[in-house]
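Visitor: Quick one: sequence and predicted model below, then my questions.
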Amino acid sequence: MDARKPVENLRDEARCSICLEIFQDPVSIHCGHSFCQSCITQTWEGLTTNFFCPQCRETVSWKRVRRNWELANMIEAAKRLNLQRDRVVEGGENLCEEHQEPLKLFCQDDKSLICVVCDRSKVHRDHFVVPMGEAAQEYKVRGLWVLDRIKDHTVGAHQFSWAEGGRRKEEHLLLSHRGG
């Protein structure tokens, strides 16, 4: 299996569907989808009601965004894995700055990509090192799991909010009926 495929998949999962770039200050909205804070703010600019999700089009009457810390942490981990394209050299491989060898291994202790020469060095000799593809797949699975949990929590909070709003309306109607 091509070791770059999981890396590409992880990079795709870390993209905002509005700007198509790696998330910057990711936030979640009412339906559980995530966007860059600046992208969703710009999308909703001028709206006072009927705030919609640019991805699924679900609409609500209030604007509420919540910082998505789990996604932000996943993106930082991806950056540490050097998943950014600007370090890719001709031939499609990243090179070790010190040894000019392909970065094919991931040091779990330092959370960084290393070459085979670095792996044999005194610095990394006692560290837990895995092939880059395995590390990328692990981060992708972990990231997708986090995204699923975020969506579950957001949907639960959304349902609670609706139920609580309905309960308050019932109390208000009951009190106004008794008073009148």
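Guide: Perfect, thanks for sending it. Please read all numbers here as calculations on a predicted model, not as lab measurements.
Visitor: Tell me who's in contact with the residue nearest the centre of the chain.
Guide: Nearest residue to the geometric centre of the chain (C-alpha atoms, centre = their mean): L71, 3.0 Å. Contacts were defined as C-beta atoms under 8 Å, 6 or more residues apart in numbering; by that measure L71 touches A14, F23, P26, S28, S34, G143, V146, L147, I150. From N, CA and C alone the C-beta is placed, and that goes for glycine too.
Visitor: after the helix or strand containing it, next one along is what?
Guide: Secondary structure here is read from DSSP states H and E; on that basis L71 sits in helix 69-80. Going down the chain from helix 69-80, the next helix or strand is strand 105-107, by DSSP H and E.
Visitor: Listing partners with orientation, what would you give for that next one?
Guide: Strand partners for strand 105-107, identified by DSSP bridges, are recorded as strand 112-114 (antiparallel), strand 129-131 (antiparallel).
Visitor: Spit out the contact partners of C118.
Guide: Neighbour list for C118: C96, E98, H99, E101, L105, C107, H124 [criterion: C-beta under 8 Å, 6+ apart].
Visitor: ChimeraX command for the buried members of those residues?
Guide: With 16 or more other C-beta atoms under 10 Å as the criterion, this ChimeraX line picks the buried residues out of these:
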select :96,101,105,107,124
